[in-house]
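A.B. asks: I'd like to go over a predicted model; first the sequence, then the structure.
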Amino acid sequence: MFSASEVERYARHLVLRDVGGPGQQKLKAARVLVIGAGGLGSPVIQYLAAAGVGEIGILDDDVVSLSNLQRQVIYTTDDIGKRKADCAAVVVQQLNPHVKVTPLALRLDADNAREIVAGWDVVADGSDNFATRYALSDACFYESRPLVTAAIGTFDGSLTTLRPFEMSQSGAPNPTYRCLFPEPPPPGSVPTCEEAGVIGALAGTLGSLMAHEIIREIVGFGEGLVGRLMLVDMAHMRFESIAYGWDRDNPLNGITAKPKPIGTDLGF
């Protein structure tokens with residue numbers, strides 16, 4: 001049941017045909033873990049809190065720096081030097097007191113990823129490095145957790161949803177992150193945002209799309225991004241999506257794949 005203040009707060013959802021009371025109840029019952037409280041994580045956290053997701057976990061072991069503020073809009077100048085997870089948690093509590101927030105000042109890796117994601121319903125990947133993306137996507141596969149993952153650089157971004165623990169309508173498994181990107185690029189071949197720069201509003205655009213996809217996953221309306229990679233070109237204002245499929249040779253759910261124990265690093 002919703003309190004009177006919740007009914008007013010979520011009024012635009014409650015009258016929305018594809019959400020309504022049942023959808024809002026699903027949001028209230030959901031637990032979402034956000035990996036990275038940076039440029040992508042900032043709008044994800046804010047929109048999930050505003051939408052009434054029951055519990056939001058915020059995992060980030062970094063502190064706020066002045067250069068973050070150009071795109072990480074959940075923070076203020078007064079937050080410089082403070083832990084991002086803690087600062088973001090305060091914003092969630094101020095934005096929506098009906099949402100439980102759990103700050104986690106941790107760094108995710110292959111050793112702890114499965115234990116971290118196991119207790120959540122949906123995971124959002126806003127990390128900024130390939131080691132975390134592979135460790136997280138592997139963990140979500142083994143723990144059967146939907147993963148919404150995005151990446152940005154300069155003026156471009158990408159977004160997809162992974163549910164490789166389920167079968168597609170064709171009868172084949174849904175693709176894994178390793179089906180889309182079998183191997184990470186060579187070290188140093190992809191410049192970081194610090195090296196190449198990034199337009200601030202790009203992070204807001206992709207983060208908002210991530211939040212929408214997470215809400216859609218929880219409520220269950222429309223067509224999602226499983227097996228589709230959305231590409232955003234903000235320099236020329238172009239949006240498109242490309243289909244990708246299951247790789248029978250991938251090490252997670254390929255034809256020769258074998259279960260891996262917790263803490264296993266597949267070597268990427």
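C.D. replies: On my side now, so go ahead. Residues are numbered from 1 along each chain as shown.

A.B. asks: now do the strands in the protein.
C.D. replies: 31-35, 55-59, 100-104, 122-125, 147-153, 156-162, 228-233, 238-243 (DSSP state E).

A.B. asks: partner strands of the fourth one and their direction?
C.D. replies: Using DSSP bridges, the strands paired with strand 122-125 in its sheet are strand 31-35 (parallel), strand 147-153 (parallel).

A.B. asks: now tabulate the strands of the chain in JSON lines and tack on distance to P182 and mean pLDDT.
C.D. replies: Quick note: C-beta positions are derived from backbone N, CA and C, even for glycine. JSON lines is the format used below for those (distance: least, C-beta to C-beta, whole Å; pLDDT from 0 to 100):
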{"stretch": "strand 31-35", "distance to P182": "22", "mean pLDDT": "98"}
{"stretch": "strand 55-59", "distance to P182": "26", "mean pLDDT": "98"}
{"stretch": "strand 100-104", "distance to P182": "30", "mean pLDDT": "98"}
{"stretch": "strand 122-125", "distance to P182": "18", "mean pLDDT": "98"}
{"stretch": "strand 147-153", "distance to P182": "16", "mean pLDDT": "97"}
{"stretch": "strand 156-162", "distance to P182": "14", "mean pLDDT": "98"}
{"stretch": "strand 228-233", "distance to P182": "14", "mean pLDDT": "98"}
{"stretch": "strand 238-243", "distance to P182": "16", "mean pLDDT": "97"}
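
A.B. asks: could I get these as TSV with mean neighbour count?
C.D. replies: Formatted as TSV, the strands of the chain follow (neighbours: other C-beta atoms under 10 Å):
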stretch	mean neighbour count
strand 31-35	26
strand 55-59	25
strand 100-104	18
strand 122-125	26
strand 147-153	24
strand 156-162	23
strand 228-233	17
strand 238-243	11
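
A.B. asks: could you dump those into a markdown table and include distance to F221?
C.D. replies: As requested, the strands of the chain are arranged in a markdown table below (distance: least, C-beta to C-beta, whole Å):
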| stretch | distance to F221 |
| --- | --- |
| strand 31-35 | 17 |
| strand 55-59 | 21 |
| strand 100-104 | 24 |
| strand 122-125 | 15 |
| strand 147-153 | 15 |
| strand 156-162 | 14 |
| strand 228-233 | 16 |
| strand 238-243 | 18 |
